[in-house]
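J.: sequence unavailable; structure follows:
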């Protein structure tokens with residue numbers, strides 16, 4: 001499946017309601033041609049004011065997602081967001097620490113998902129239109 005920003009926004013809203021009780025504020029959704037990741041959550045934390053700003057979720061458009069793999073990847077990024085936004089766990093969230101792992105495991109068991117902690121290169125296949133040349137140069141796979 002080829003993705004676009006409108007689809008990811010729609011899925012974000014759907015999963016926010018289903019899995020996070022609509023507790024996550026909207027964040028910027030980005031689509032990027034990234035080989036090194038399927039999804040990425042970014043934010044900035046102001047130590048002085050204890051405030052989170054510049055929140056975004058980026059999904060790579062170089063992969064051929066199924067409904068299931070896209071859901072698992074987007075929910076993975078939303079768990080990062082939840083831990084930062086609601087629990088104020090910054091280091092734990094970005095390092096896939098114990099709280100992230102616990103939440104991912106709970107989601108997998110409760111909702112029959114397959115949220116992975118580390119990116120597996122066989123989990124989602126590259127789209128036929130993406131260049132494998134760059135993969136070879138970067139020694140990704």
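T.: Arrived safely, thanks for sending. Predicted model only: the values in this text are computed from it and were never measured.
J.: every contact and neighbour count from this point should use C-alpha atoms.
T.: OK.
J.: how many residues are close by residue 108?
T.: 15 (other Cα atoms under 10 Å).
J.: hmm, I was thinking of residue 122
T.: Using other Cα under 10 Å: residue 122 sits among 8 other residues.
J.: who are the packing partners of the top helix by length along the chain?
T.: In the chain, with assignment by DSSP state H, the single longest helix is helix 67-85. Under the contact criterion of 3 or more Cα pairs under 8 Å, 6 or more residues apart in numbering; DSSP states H and E, helix 67-85 touches helix 5-20, strand 39-46, strand 51-60, helix 90-94, helix 98-111.
J.: JSON lines for the ones you listed, including mean pLDDT?
T.: JSON lines is the format used below for those (pLDDT from 0 to 100):
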{"stretch": "helix 5-20", "mean pLDDT": "98"}
{"stretch": "strand 39-46", "mean pLDDT": "85"}
{"stretch": "strand 51-60", "mean pLDDT": "85"}
{"stretch": "helix 90-94", "mean pLDDT": "62"}
{"stretch": "helix 98-111", "mean pLDDT": "94"}
